[in-house]
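K.L.:
my questions are about this predicted structure, shown below with the sequence.
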Amino acid sequence: MTRDSRTTGNGTTSSGTGNGTTSSATDNRTGSGTTGSRAGSGTTGGRTPDGPTQGAGVEVRPVAGHIGAEIAGVDLADGLDDAQVAAIRAAVLRWKVVFFRGQRLDHAGHLAFARRFGEPVAPNRRGSASPADFPLIETTADRLELGGRFGMDHEEWLERRRHTLLRGWHCDHGARVDPPAATILRAETVPPYGGDTTWSNLAAAYAGLSAPVRAFVDGLRAEHRLGVGYRPRPGDDGYVRHLLDHQVASEHPLVRVHPETGERVLYVNGYYLDQITDVSRAESRALLDMLLEQAVRPEYTVRFRWEPGSVAFWDNRATVHLAPTDNAHLGFPRTMHRVMLAGDVPVGTDGRPSRPLVGTEAGRW
């Protein structure tokens with residue numbers, strides 16, 4: 001068994017280490033908030049705090065005040081009945097991201113689990129680490145190859161892409177007109193320390209704005225574009241040529257209405273968001289700085305310490321997440337596999353849907 005590895009809320013650090021080995025059937029279900037933990041959503045005023053719940057054999061243990069719950073009592077490799085699927089779906093909608101530990105999923109089991117909640121999409125460009133026989137699964141170790149494709153080492157590529165401290169926060173494929181509804185990420189091999197992922201609840205972030213600011217941003221729209229803020233290399237830059245040849249951009253509402261819960265979501269991120277439409281560049285920058293800082297305030301976040309066999313399942317319509325940047329220099333392998341579920345076109349508070357600008361079409365990957 002691995003040593004105690006904890007899910008932590010509000011971006012705090014966690015005690016314990018993972019074992020750095022590949023996934024096994026060992027049950028690693030440990031974490032903070034697993035007993036006596038209570039958390040409220042913060043998305044509506046006066047809500048009674050939630051505590052651990054159990055139904056259909058599914059135990060939901062909140063781990064932070066606005067986002068995140070660990071789920072125990074289910075073996076994802078054995079398949080789920082309809083009641084268990086309903087309980088997990090409700091937990092994802094309520095807590096935005098849920099965590100399972102000690103799971104025995106292989107690629108086929110990962111896909112079977114994902115299909116109980118939606119239709120997996122097939123990413124059109126994967127690297128050599130992704131499994132050739134499973135085109136719906138993307139292995140995130142592929143990301144380490146990206147800089148090399150354009151004549152850079154991985155650290156330089158990251159540095160040129162992250163123009164602000166908030167640059168890494170993103171939803172998956174947010175420049176598409178129909179970003180994925182959800183992502184299911186499975187850990188195969190993890191470092192003994194470092195490599196945590198952090199999520200933030202965008203519905204709570206919206207609710208945390210003052211009423212006048214909420215009323216102001218409700219009607220705004222913004223352009224989301226692949227490659228925002230990239231700092232080109234001197235001379236010829238292969239990544240700039242790649243961006244020009246593969247442009248992807250959409251106009252999304254700055255506040256989207258969640259299609260299942262009806263919540264209003266502050267639909268911002270530091271990775272794709274380029275410009276608020278119908279305002280000046282300077283006004284847009286000031287507004288986005290304020291809204292991005294609001295979106296990732298520590299009280300709206302949860303941080304997860306991975307173990308081999310851990311699975312995270314998040315609502316990509318209502319969260320942004322931050323991939324780790326503290327482990328690349330350590331040299332430990334970190335191999336993760338993800339499946340994304342098809343999403344709808346976002347709709348704003350005025351009923352207007354997002355619209356494609358270039359390189360994206362609803363339902364076409």
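P.N.:
Looks like it came in fine.
K.L.:
how about the strands in the stretch 151-300 of the chain?
P.N.:
182-189, 197-201, 221-225, 249-253, 255-257, 264-266, 273-276 (DSSP state E, counting those that start in this stretch).
K.L.:
want to throw the ones you listed into TSV with mean pLDDT and distance to Arg167?
P.N.:
C-betas here are computed from N, CA, C, even on glycine. Output for the strands of the stretch 151-300 of the chain, formatted as TSV (pLDDT from 0 to 100; distance: least, CB to CB, whole Å):
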stretch	mean pLDDT	distance to Arg167
strand 182-189	97	19
strand 197-201	97	14
strand 221-225	96	13
strand 249-253	97	17
strand 255-257	98	21
strand 264-266	98	17
strand 273-276	92	10
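K.L.:
in this protein, where is pLDDT below threshold?
P.N.:
Screening the chain residue by residue with the criterion pLDDT under 70, one finds the ranges 1-49, 141-149, 154, 157, 161-165.
K.L.:
show me the helices in it, by range?
P.N.:
Counting by DSSP state H, the chain forms helices over residues 82-95, 107-115, 143-149, 154-161, 202-207, 211-217, 238-245, 281-295, given from the N-terminal end onward.
K.L.:
Arg303: which of those helices is closest?
P.N.:
Taking CB to CB, helix 82-95 is the member of those nearest to Arg303, at 14.3 Å.
K.L.:
so for the closest one, what gets flagged as buried?
P.N.:
Buried positions in helix 82-95, judged by neighbour count with 16 or more other CB atoms under 10 Å: Gln84, Val85, Ala87, Ile88, Arg89, Ala91, Val92, Leu93, Arg94, Trp95.
K.L.:
could you dump the residues you listed to JSON lines with distance to Arg352?
P.N.:
Written out in JSON lines, the entries for the buried residues of helix 82-95 read as follows (distance: CB to CB, whole Å):
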{"residue": "Gln84", "distance to Arg352": "37"}
{"residue": "Val85", "distance to Arg352": "32"}
{"residue": "Ala87", "distance to Arg352": "34"}
{"residue": "Ile88", "distance to Arg352": "32"}
{"residue": "Arg89", "distance to Arg352": "27"}
{"residue": "Ala91", "distance to Arg352": "31"}
{"residue": "Val92", "distance to Arg352": "26"}
{"residue": "Leu93", "distance to Arg352": "24"}
{"residue": "Arg94", "distance to Arg352": "27"}
{"residue": "Trp95", "distance to Arg352": "29"}
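K.L.:
from Gln247, how far off is the residue of the chain positioned farthest from its centre?
P.N.:
Within the chain, Gly235 marks the point farthest from the mean C-alpha position, 34.4 Å out by CA atoms, centre = their mean. For Gly235, the distance to Gln247 equals 22 Å [CB to CB, to the nearest Å].
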